[in-house]
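Peer 1: okay, sequence plus prediction incoming.
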Amino acid sequence: DVKVTQSSRYLVKRTGEKVFLECVQDMDHENMFWYRQDPGLGLRLIYFSYDVKMKEKGDIPEGYSVSREKKERFSLILESASTNQTSMYLCASSLTEYSNQPQHFGDGTRLSIL
Amino acid sequence: RKEVEQDPGPFNVPEGATVAFNCTYSNSASQSFFWYRQDCRKEPKLLMSVYSSGNEDGRFTAQLNRASQYISLLIRDSKLSDSATYLCVVTVSNDYKLSFGAGTTVTVRA
């Protein structure tokens, strides 16, 4: 079974802090993704990575950056946290670049920015 | 216009009932379709892929209508454990990106 692990279930940070969200997958998947999920808006893609050190912007990359130094790990960074970044953050991975491959999600991180 | 639209519900049904709902997508080039299930405060999990000819998985039936650009999910003999939010997911060929609907909430009552 695919295991996608996010470092924290709940996180509270202050405005202006630099925030790191970590995600690790154990199935040697090529692709990794970061989403945020807000009520009524569904999942929105922030960034994704299709290989080590490779990244592409999703629909809402502003205020975020990512890092993928190793295949199994994909980090999301909030450069200077703001209250509108309070959300549920979900990491996902998929086996290949083909669009018919389903994505496997981590448990999510509920991030609150005060 | 959103890429993927779903009726948010909630659909409140008694145990044993049949419930069905649709999802419309705007990109005619969409190639792959999925239904995910998300329980309250949990991560989405793949329920089933949707194939052109329609497909069943136990009590769940998924259909695709390319002409009208929608997919549907039907749940027969509803169980209490079917209570969840069902996310419609659409993707374009050769694109890593999945487009998610906001979800349809189903509540099955005893």
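Peer 2: That came in fine, so what should we check first?

Peer 1: tally of neighbours for A:S82?
Peer 2: 13 (other C-beta atoms under 10 Å in any protein chain shown). For the C-beta atoms, the positions are set from N, CA and C on the backbone; glycine is no exception.

Peer 1: isn't it right up against A:I113?
Peer 2: Yes. In this structure, A:S82 sits in contact with A:I113. The criterion is C-beta atoms under 8 Å, and the distance is 6.3 Å.

Peer 1: joint contacts of these two?
Peer 2: A:T15 (C-beta atoms under 8 Å, 6 or more residues apart in numbering or on different chains).

Peer 1: after the helix or strand bottoming out on mean pLDDT in chain B comes which helix or strand?
Peer 2: For chain B, counting by mean pLDDT, DSSP states H and E, strand B:98-100 ranks last in confidence among helices and strands (a mean of 88). Once strand B:98-100 ends, the next helix or strand along the chain (criterion: DSSP states H and E) is strand B:104-109.

Peer 1: distance from the chain centre to that next one, please.
Peer 2: 13 Å (C-alpha atoms, centre = their mean, to the nearest Å).

Peer 1: where in chain B is pLDDT low?
Peer 2: In the predicted model of chain B, residues B:1, B:93-96 satisfy pLDDT under 70.

Peer 1: for chain A, which segments count as helices?
Peer 2: When assigned using DSSP state H, chain A turns out to have no helices.

Peer 1: that one against chain B: which residues are in contact?
Peer 2: Where chain A comes near chain B, counting by C-beta under 8 Å from any C-beta of the partner chain, the residues are A:31, A:33, A:35, A:40-45, A:48, A:50, A:56, A:58, A:90, A:94, A:97, A:99-100, A:102-108.

Peer 1: what about residue 86, how many neighbours?
Peer 2: In the absence of a named chain, this looks at chain A. By the measure other C-beta under 10 Å, the count of residues near A:T86 is 16.

Peer 1: let me rephrase: I mean chain B.
Peer 2: B:Y86 has 25 neighbours, counted by other C-beta under 10 Å.

Peer 1: tell me how far it lies from chain A.
Peer 2: When C-beta to the nearest C-beta, to the nearest Å is applied, the distance between B:Y86 and chain A equals 12 Å.

Peer 1: so who does that residue touch?
Peer 2: Counting by C-beta under 8 Å, 6+ apart, B:Y86 touches B:21, B:35-38, B:47, B:73, B:103-106.

Peer 1: if we check chain A, which of the residues you listed are in contact?
Peer 2: Checked against chain A using C-beta under 8 Å from any C-beta, the contacts of B:Y86 give the following subset in range: B:G103.

Peer 1: only the buried subset of the residues of chain A next to chain B, as a PyMOL command please.
Peer 2: Applying 16 or more other C-beta atoms under 10 Å in any protein chain shown to those leaves a buried subset, and the PyMOL line that selects it is:
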select buried, chain A and resi 31+33+35+42+43+44+45+48+50+58+90+94+99+102+103+104+105+106+108
